[in-house]
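Undergrad: When you get a sec, could you give me coordinates for this:
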Amino acid sequence: MTGLTKAFDQAMFDIYRRADAEIGYRPTVFLDMLHKRGGVSTAKQLINACKPSDGYTRLYEENRLDLTVEAVVIENLA
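TA: So this is what the prediction gives:
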């Protein structure tokens, strides 16, 4: 695993922890995906899905799109 992959994994786990700490939301399916697939594979699956995940919808409703996988990807492109 490269340093970049590890950093991305960490960023993905960080949004899980922040969602819990900041808005009381624990996206357990997302956490399970991270443990089983890793951050990159999880991001690819969620971003390429035909419809938004329940987690994305919840974060949208909470006005916290900064805690989405898409936000992590954009932050890591900069």
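
Undergrad: leaving aside the residues next to it on the chain, what's closest to Q10?
TA: Closest residue to Q10 apart from its sequence neighbours, by C-beta to C-beta, 6 or more residues apart in numbering: G39 at 8.0 Å. Just so you know, the C-beta spots here come from the backbone N, C-alpha and C atoms, and that holds for glycine as well.

Undergrad: Then R18?
TA: Closest to R18 by C-beta to C-beta, 6+ apart is L67, at 5.8 Å.

Undergrad: Please report the distance of that neighbour from A49.
TA: L67 sits 17 Å away from A49, going by C-beta to C-beta, to the nearest Å.

Undergrad: do the same with Y56
TA: Y56 sits 9 Å away from A49, going by C-beta to C-beta.

Undergrad: Tell me which of the two has more neighbours.
TA: Applying other C-beta atoms under 10 Å to Y56 and A49 shows that Y56 carries more neighbours, namely 20 against 10.
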